[in-house]
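J.: take a look and give me a structure for this.
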Amino acid sequence: MLARDETPPILMEASDFGRKNLYGVYPFYMALELDGKAHGVLFLNSNPQEITTGPAPHIIYRTIGGILDIYFFPGPRPEDVIRQYLAFVGTPAVPPYWALGFQEITTGPAPHIIYRTIGGILDIYFFPGPRPEDVIRQYLAFVGTPAVPPYWALGFQIDYFASKLTELNDTVDIIRHANIPLDVVYADIDYMDKYQDFTLGKEWQQLSTYVNQLHAQDIHTVLAVDASIPVTGEAFKRALDAQASFFEWERIDQAPKSIQSLYNSTNNTKIMLGVSWPDAHVAFPDFGAEETINWWIDEITTFYKIVPFDGIWIDMNEPASFGTDEIDPWYFKTPKHSKIASLMCPLNGTDANYDVPPYETFSVFLYRNDTMQYYFQSDHRGEMIK
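T.: Modelled structure (predicted):
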């Protein structure tokens with residue numbers, strides 16, 4: 001009769017409807033009508049109760065007893081319903097500032113953790129506390145505090161994979177006409193010309209005008225930017241001119257000449273090339289170098305003069321490379337992507353010290369079905385053995 005770890009049965013079989021308790025503990029629902037108007041209902045009862053959904057638009061409410069108080073929140077807008085509901089039950093507690101900081105978790109049988117590293121100089125810093133909040137305060141004083149997000153970034157947001165600006169415009173119009181709150185619109189990488197950063201595709205040439213139109217409606221815009229730069233693009237050329245640094249192989253003989261020689265800009269260099277969304281190989285900026293930071297800032301500020309965005313979403317910045325160590329990567333089967341060779345890391349010999357170190361970290365283990373462990377066998381590329 002109490003709440004269970006179950007989501008609304010949207011994808012369940014028809015026979016499963018109404019048979020499972022929903023996830024959550026608040027007997028409150030909000031209904032959104034086709035005209036965009038909304039209302040809310042709260043069932044207040046001190047006894048165990050259950051709410052299940054049947055074929056829309058109805059719910060099934062059950063309780064084993066008690067006094068049933070029903071409260072209606074008339075809206076008419078969705079945000080009005082929530083405001084009225086919170087005015088009645090109260091707002092959530094504001095978390096302490098330290099709760100937004102960096103956190104850790106203990107692994108292994110308490111009270112110990114397992115720390116592994118493949119090398120380097122190990123600096124250990126102790127933060128004496130004695131209270132938990134003192135530890136966090138001392139830690140943040142050393143590493144710095146997280147950036148405070150702008151207020152609008154905490155609002156209602158949408159990220160829609162639109163291939164054309166008109167599709168994004170139509171989607172936003174539907175949301176607005178339904179009176180659904182909207183504070184931020186994301187433009188994913190499809191706005192670019194062939195997935196090259198700091199460019200606009202032919203179907204997105206009016207993006208600047210549209211962003212200004214959104215601003216007039218108090219809607220902000222965030223653009224996706226990939227931290228993987230195609231070596232055939234203008235941004236990469238500008239980076240080299242600015243003496244920006246990119247991830248490199250340790251030695252020139254490690255760099256695969258068959259790949260490096262495909263491009264004049266990388267031939268006879270140690271720049272490590274991977275695969276991302278563009279059709280050409282990509283390089284990964286080394287943001288630890290001041291020249292790289294200056295080049296990156298210049299690219300963003302220059303593009304801002306073209307499109308007055310409010311924020312950027314930096315993606316692929318782990319850094320990420322598609323199909324690493326795979327001879328037949330998944331994108332070979334994608335018609336829209338060229339069949340360029342993936343990044344192949346050395347898995348044998350003395351050069352394999354990073355991917356197959358003498359003392360292997362826990363990341364070499366993969367999990368399947370929560371209980372079965374598989375080990376990556378270093379002398380068989382890509383083969384998994386139990």
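
J.: tell me the secondary structure at residue 83.
T.: helix (DSSP: H, G, I helix; E, B strand; the rest coil).

J.: show me the contacts for it.
T.: Contacts for residue 83 (CB atoms under 8 Å, 6 or more residues apart in numbering) come out as none. (Glycine included, C-beta is placed from N, CA and C.)

J.: show me the domain layout of this protein.
T.: Following automatic domain parsing, the chain resolves into domains at 14-89, 151-333, 350-385.

J.: pick the most buried one from these.
T.: Sort those by mean neighbour count, taking mean count of other CB atoms under 10 Å, and domain 151-333 sits at the top with a mean of 17.

J.: contacting residues around residue 184?
T.: 152, 153, 155, 156, 157, 158, 219, 220, 221, 222, 310, 311.

J.: of these, which belong to strands?
T.: 157, 158, 220, 221, 222, 311 (DSSP state E).

J.: hmm, the fourth one is touching residue 212, no?
T.: No - between residue 221 and residue 212 there is no contact under CB atoms under 8 Å: 9.6 Å.

J.: circling back to that earlier point, pull the most distant pair out of the ones in strands among the contacts of residue 184.
T.: Spanning the widest gap among those are 158 and 311, at 13.9 Å by CB to CB.

J.: what about the helices in this structure?
T.: Taking DSSP state H as the criterion, the chain carries its helices at 78-89, 132-143, 165-177, 207-216, 234-241, 257-260, 290-304.

J.: surely residue 196 meets residue 278?
T.: Yes - using CB under 8 Å, residue 196 is in contact with residue 278, at 6.1 Å.

J.: anything in contact with each of the two?
T.: In contact with both residue 196 and residue 278: 230, 233, using CB under 8 Å, 6+ apart.

J.: sorry, back to before: to residue 131, which of the domains of the chain lies closest?
T.: Here domain 151-333 is closest among those (CB to CB), at 28.5 Å.

J.: how long is that closest one from one end to the other?
T.: For domain 151-333, the first and last residues are 42 Å from each other (CA to CA, to the nearest Å).

J.: correct me, but residue 225 touches residue 196?
T.: No - contact criterion CB under 8 Å: residue 225 and residue 196 do not qualify, at 10.7 Å.

J.: what's the average pLDDT for stretch 124-135?
T.: For stretch 124-135, the mean per-residue pLDDT is 93.

J.: just the terminal-to-terminal distance for that stretch.
T.: Stretch 124-135: ends 15 Å apart by CA to CA.

J.: return the set of buried residues in it.
T.: Going by neighbour count (16 or more other CB atoms under 10 Å), nothing in stretch 124-135 comes out as buried.

J.: who's in contact with the closest residue to residue 263 other than its chain neighbours?
T.: Spatial nearest neighbour of residue 263, chain neighbours left out: residue 231 (5.0 Å); criterion: CB to CB, 6 or more residues apart in numbering. For residue 231, the residues meeting the contact criterion (CB under 8 Å, 6+ apart) are 263, 265, 266, 271, 273, 280, 281, 282, 283.

J.: show me the two of those residues that sit farthest apart.
T.: Most distant of those, by CB to CB, are 271 and 280, 13.0 Å apart.

J.: for the domains of the chain, give me TSV that also has mean pLDDT.
T.: Formatted as TSV, the domains of the chain follow (pLDDT from 0 to 100):
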stretch	mean pLDDT
domain 14-89	82
domain 151-333	95
domain 350-385	50
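
J.: give me the phi and psi for the residue nearest to residue 332 when sequence neighbours are not counted.
T.: Excluding the flanking residues, the one nearest residue 332 by CB to CB, 6+ apart is residue 339, at 5.2 Å. Torsion angles at residue 339 (phi, psi; degrees, to the nearest 10) stand at phi -90, psi 70.

J.: residue 339 and residue 328 touch, don't they?
T.: No - under the criterion of CB under 8 Å, residue 339 makes no contact with residue 328, lying 9.7 Å away.

J.: could you measure residue 282 against residue 226, distance?
T.: Distance of residue 282 to residue 226, computed by CB to CB, to the nearest Å: 8 Å.

J.: of the domains of the chain, which is nearest residue 112?
T.: Closest among the domains of the chain, using CB to CB: domain 350-385, at 14.4 Å.

J.: who does residue 38 bridge with?
T.: Assessed by DSSP bridges, residue 38 has beta-bridge partners residue 32.

J.: and the gap between the residue most central in space within the chain and residue 190?
T.: With distances taken as CA atoms, centre = their mean, residue 315 lies nearest the centre of the chain, 7.6 Å away. Noted for residue 315: a distance of 13 Å to residue 190, by CB to CB.

J.: what sits in contact with each of those two?
T.: If you check residue 315 and residue 190 against CB under 8 Å, 6+ apart, no residue is contacted by both.

J.: ok, the residue nearest to residue 332 - how many residues close by?
T.: By other CB atoms under 10 Å, the residues close to residue 339 number 11.

J.: report pLDDT for the residue lying closest to residue 128 once chain neighbours are set aside.
T.: The shortest distance from residue 128 to any non-neighbouring residue, by CB to CB, 6+ apart, is to residue 138 (7.4 Å). For residue 138, the model assigns a pLDDT of 95.
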